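Chemist: structure for the following, please:
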Amino acid sequence: MKTYFEARRRLAAFALALPLACLALGLMISAAFAGDDTVVHVGPLFKALVEPAIQSFVAVVVAVALAYATRLLKTKTGIELDADARKRVQDAAMNAAGMVLAKIDGPVSNLSFDVKHPLVKEGVDLLMAKVPDALERFGITPEKAAEMILGNIGILQASAPVVPAAPAAPAP
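Modeler: Next up, the predicted model:
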């Protein structure tokens with residue numbers, strides 16, 4: 001790794017020294033062609049050598065400034081990125097809860113589940129497979145994921161239609 005950075009440093013030094021060397025060479029050539037004239041016109045030399053170097057330098061500075069601004073924006077809006085990841089986890093947990101309820105026959109409004117129920121375990125596996133990076137980012141363990149799924153099952157059960165119990169058969 002050290003040699004990589006040394007090579008980059010040498011390349012950067014060469015890239016900075018090259019325009020200066022070209023400028024010095026251009027001034028020497030201009031002075032040589034001046035001959036008897038005591039005035040050296042550097043306008044054409046400026047246009048040919050210095051102006052492109054300045055434009056390149058400005059382009060590099062703008063690119064670095066944009067990269068820095070982008071990085072700063074990402075660090076400052078980390079909350080928004082976390083909110084997006086949290087929404088993905090919540091959506092996946094709701095989908096897993098819906099999958100658990102979909103596998104149950106009959107009315108679901110009065111069923112009860114616990115963390116160790118096999119269908120809840122299946123929902124946890126689904127959740128862990130759908131958004132593993134976001135779960136890891138927030139430190140959500142399989143136990144916490146099961147609790148999230150149980151909470152979402154409760155929400156879905158509350159919105160499920162209540163099926164009344166069958167009326168008792170009349171006594172003969």
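Chemist: need the contact list for residue 146.
Modeler: Taking CB atoms under 8 Å, 6 or more residues apart in numbering, we find residue 146 in contact with 115, 120, 121, 123, 124. The C-beta positions use only the backbone N, C-alpha and C, and glycine is treated the same way.
Chemist: ok, and the closest non-adjacent residue to the first one?
Modeler: Read it as residue 115. In space, and not counting its chain neighbours, residue 115 is closest to residue 146: 4.5 Å by CB to CB, 6 or more residues apart in numbering.
Chemist: how far away is that neighbour from residue 17?
Modeler: Noted for residue 146: a distance of 64 Å to residue 17, by CB to CB, to the nearest Å.
Chemist: by neighbour count, which of the contacts of residue 146 wins?
Modeler: Within the contacts of residue 146, residue 123 tops the neighbour count with 29 neighbours, counted by other CB atoms under 10 Å.
Chemist: residue 132 and residue 64, how far apart?
Modeler: Residue 132 is 35 Å from residue 64, where distance means CB to CB.
Chemist: any buried residues in the helix or strand harbouring residue 19, and which?
Modeler: When elements are assigned from DSSP states H and E, residue 19 belongs to helix 2-34. For helix 2-34, burial by neighbour count (16 or more other CB atoms under 10 Å) applies to 19, 22, 23, 26.
Chemist: helices or strands up against that helix?
Modeler: helix 43-45 (3 or more CB pairs under 8 Å, 6 or more residues apart in numbering; DSSP states H and E).
Chemist: mean confidence for the helix it packs on?
Modeler: In this model, helix 43-45 has an average pLDDT of 72.
Chemist: one more: stretch 134-148?
Modeler: The average pLDDT within stretch 134-148 is 89.
Chemist: could I get it in PDB with only the CA atoms?
Modeler: C-alpha atoms of stretch 134-148 as PDB (Å, rounded to 0.1, in the frame of the first residue of the first chain):
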ATOM      1  CA  ALA A 134     -30.500  -2.800   7.000                       C
ATOM      2  CA  LEU A 135     -31.100  -5.200   9.900                       C
ATOM      3  CA  GLU A 136     -27.400  -5.300  10.600                       C
ATOM      4  CA  ARG A 137     -27.100  -1.500  10.300                       C
ATOM      5  CA  PHE A 138     -29.700  -1.100  13.100                       C
ATOM      6  CA  GLY A 139     -28.400  -4.100  15.100                       C
ATOM      7  CA  ILE A 140     -31.700  -6.000  14.800                       C
ATOM      8  CA  THR A 141     -31.300  -9.600  16.000                       C
ATOM      9  CA  PRO A 142     -33.600 -12.500  15.100                       C
ATOM     10  CA  GLU A 143     -35.300 -12.100  18.500                       C
ATOM     11  CA  LYS A 144     -36.000  -8.400  17.800                       C
ATOM     12  CA  ALA A 145     -37.100  -9.300  14.300                       C
ATOM     13  CA  ALA A 146     -39.600 -11.800  15.700                       C
ATOM     14  CA  GLU A 147     -40.900  -9.100  18.100                       C
ATOM     15  CA  MET A 148     -41.300  -6.800  15.100                       C
END
